[in-house]
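J.: following is a predicted model, sequence given first.
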Amino acid sequence: MQLDRALDRAMPTLDQHVRRCERGFPQLRARFAEDLWRGVASELEARFEDLGAGFYRLSRGSASTVVHGSALMVDNVVSYRLAGHKPLSLKLLEQAGLGPLPQGRLLAAERWTEALPMLEQGPVVVKPAADSGAGRGVSTYVCSEEQLRTAVRAAARCDSQIMIEPQVEGHSYRLLYLDGELISAIRRERPRVTGDGKHTIRELMRAETEARLGSDTPRALSPLQCDLDARNFLEFHGLHVQHRLSAGHTLPVKGACNQNSAQDNVDITGRVCPEVEELGRQACATLQLRFAGVDLIAPTLDVSLAASGGVINELNTTPGLHHHYLIRGGAPRRGPAAIVVERLLEDAQ
């Protein structure tokens with residue numbers, strides 16, 4: 001209903017839209033985080049204390065831990081940096097015999113033309129070598145020299161070193177591990193819009209962003225941006241941001257799934273094949289991570305990655321917990337945040 005009302009209103013100008021996003025989404029994320037950790041404290045019968053600046057302390061008896069956003073006091077700064085450096089972390093996984101892994105290239109941004117021959121094999125993904133957070137600087141479905149030049153420029157704003165990898169088709173999966181145990185698994189679909197026969201894809205994306213800000217129940221914590229990734233994805237599929245979708249036609253609008261909403265996330269906990277579950281466990285052990293999200297791209301997790309043609313995409317040491325709560329059908333009965341805090345409080349006893 002919020003989306004319908006957003007479409008019925010006169011579409012705001014781009015500048016108004018940008019200002020509203022800049023103001024609204026940080027507040028939305030802050031409210032979500034506070035509600036999440038208050039809920040966890042209540043579930044665990046722990047004390048909740050607002051320390052200010054987005055930090056919260058959860059205590060039970062003499063044990064306590066501090067959280068901030070999705071970040072928890074589990075691993076250390078070296079672990080974060082190691083996992084966040086994509087080329088090095090993938091190299092360590094390869095040395096451990098784990099995979100399949102993306103067969104990409106690490107380049108200094110100014111040497112981007114060396115990757116041009118990769119385009120002859122199909123579309124590529126361009127991303128910063130270091131973790132930029134929330135998919136910033138990542139462009140998918142890069143097919144032409146001009147697109148590659150533009151994508152490299154976007155990635156270089158985050159890191160002077162860039163990764164260029166073949167585009168792997170399939171779903172995006174996030175497997176969340178704590179101390180070698182798979183505690184949550186989700187399939188993250190690409191963000192989508194549904195046409196009404198009147199508005200363009202760009203307008204539908206903008207209306208979806210407005211609806212996210214106006215929703216009583218959080219459906220997403222970021223705007224649906226009509227950016228380089230959206231333009232590349234749509235162009236690859238023969239579309240343009242000014243295309244008008246027919247009424248009732250639902251369409252994915254981006255290659256990356258970071259800006260999707262609750263309707264695009266599906267809980268598959270308990271439905272991951274043993275080979276894939278063990279692979280994720282070994283990947284965390286190789287990088288000596290207690291708590292991490294293992295990101296996979298594959299057509300399915302019913303079989304091994306080798307059988308499906310999937311890959312280990314990367315490991316995240318500060319995985320966005322909201323993806324495991326904003327899911328189709330509503331939040332799980334007991335989410336991963338409570339499981340992790342429970343373990344931390346037990347460790348601190």
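T.: The structure has been received and is ready for your questions. Source: prediction; values computed, not measured. Residues are numbered from 1 along each chain as shown.
J.: following the longest helix seen in the chain, which helix or strand shows up next?
T.: Identified as the longest helix of the chain according to DSSP state H is helix 14-43. Next in sequence after helix 14-43, counting helices and strands by DSSP states H and E, comes strand 47-52.
J.: coming back round to it: please identify the buried residues of the longest helix of the chain?
T.: 17, 21, 24-25, 28-29, 32-33, 36-37, 39-41 (16 or more other CB atoms under 10 Å). For the C-beta atoms, the positions are set from N, CA and C on the backbone; glycine is no exception.
J.: likewise for stretch 170-184?
T.: Neighbour-count burial for stretch 170-184, counted by 16+ other CB under 10 Å, picks out 170-178, 182-184.
J.: output the residues you listed in a markdown table, with pLDDT appended to each entry.
T.: Listed next are these as a markdown table, based on pLDDT from 0 to 100:
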| residue | pLDDT |
| --- | --- |
| Gly170 | 95 |
| His171 | 96 |
| Ser172 | 97 |
| Tyr173 | 98 |
| Arg174 | 97 |
| Leu175 | 98 |
| Leu176 | 98 |
| Tyr177 | 98 |
| Leu178 | 98 |
| Leu182 | 98 |
| Ile183 | 97 |
| Ser184 | 97 |
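J.: how about the residue nearest the centre of the chain: what's its closest non-neighbour residue?
T.: Note on the chain: the residue nearest the mean C-alpha position is Asn258, at 3.8 Å, using CA atoms, centre = their mean. Using CB to CB, 6 or more residues apart in numbering and skipping residues adjacent in sequence, the residue nearest Asn258 is Gly135, 3.5 Å away.
J.: now do the contacts for the one you found.
T.: Residues in contact with Gly135 (CB atoms under 8 Å, 6 or more residues apart in numbering) are 256, 258-259.
J.: number of nearby residues for the closest residue to Gly84 other than its chain neighbours?
T.: Excluding the flanking residues, the one nearest Gly84 by CB to CB, 6+ apart is Asp131, at 3.4 Å. Neighbour count of Asp131, defined by other CB atoms under 10 Å: 22.
J.: contact partners for Asp131?
T.: Neighbours of Asp131 in contact, by CB under 8 Å, 6+ apart: 83-86, 316.
J.: got a winner among those residues for most neighbours?
T.: Neighbour max across these (other CB under 10 Å) = Ala83, 25 neighbours.
J.: please parse this protein into its domains.
T.: Following automatic domain parsing, one finds the domains of the chain at 2-69+190-259, 103-167.
J.: same question for the first one, mean pLDDT?
T.: What domain 2-69+190-259 shows for mean pLDDT is 89.
J.: now that domain, how far from the centre of its chain.
T.: 12 Å (CA atoms, centre = their mean, to the nearest Å).
J.: and if you look at the shortest one?
T.: In terms of CA atoms, centre = their mean, the centre of domain 103-167 is set 18 Å apart from its chain centre.
J.: for it, measure first residue to last.
T.: 10 Å (CA to CA, to the nearest Å).
J.: which ones among the contacts of Gly135 map onto strands?
T.: Under the assignment DSSP state E, the contacts of Gly135 contribute nothing to strands.
J.: closest to Cys226 among the residues you listed?
T.: Closest approach to Cys226 among these (CB to CB): Gln259, at 10.4 Å.
J.: and the helices in the stretch 101-250 of the chain?
T.: Ranges of helices in the stretch 101-250 of the chain, per DSSP state H, counting those that start in this stretch, are 145-156, 201-214, 228-236.
J.: Cys284: which of the domains of the chain is closest?
T.: Per CB to CB, nearest to Cys284 of the domains of the chain: domain 103-167, 16.0 Å.
J.: where exactly do the strands run in this structure?
T.: So, for the chain - with DSSP E - the strands run 47-52, 55-60, 63-68, 105-108, 124-128, 139-142, 161-166, 171-178, 181-188, 192-194, 250-252, 265-267, 291-298, 311-316.
J.: just the C-alpha atoms of the third one, please, in CSV.
T.: Output of strand 63-68 as CSV, limited to C-alpha atoms (Å, rounded to 0.1, in the frame of the first residue of the first chain):
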residue,chain,number,x,y,z
ALA,A,63,28.9,-10.5,32.0
SER,A,64,28.3,-7.9,29.4
THR,A,65,29.0,-7.1,25.7
VAL,A,66,28.7,-4.0,23.6
VAL,A,67,27.1,-3.9,20.1
HIS,A,68,27.0,-1.2,17.4
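J.: could I get the buried residue list for it?
T.: Neighbour-count burial for strand 63-68 [16+ other CB under 10 Å]: 64-67.
J.: which one is Gln282 nearest to, not counting chain neighbours?
T.: Nearest non-adjacent residue to Gln282 (CB to CB, 6+ apart): Leu98, at 5.8 Å.
J.: ok, the one you found touching Thr286?
T.: Yes - using CB atoms under 8 Å, Leu98 is in contact with Thr286, at 6.5 Å.
J.: relative to Arg149, how far out is the residue nearest to Ser144 when sequence neighbours are not counted?
T.: Nearest residue to Ser144, sequence neighbours excluded (CB to CB, 6+ apart): Leu119, at 7.1 Å. To Arg149, Leu119 is 11 Å away according to CB to CB, to the nearest Å.
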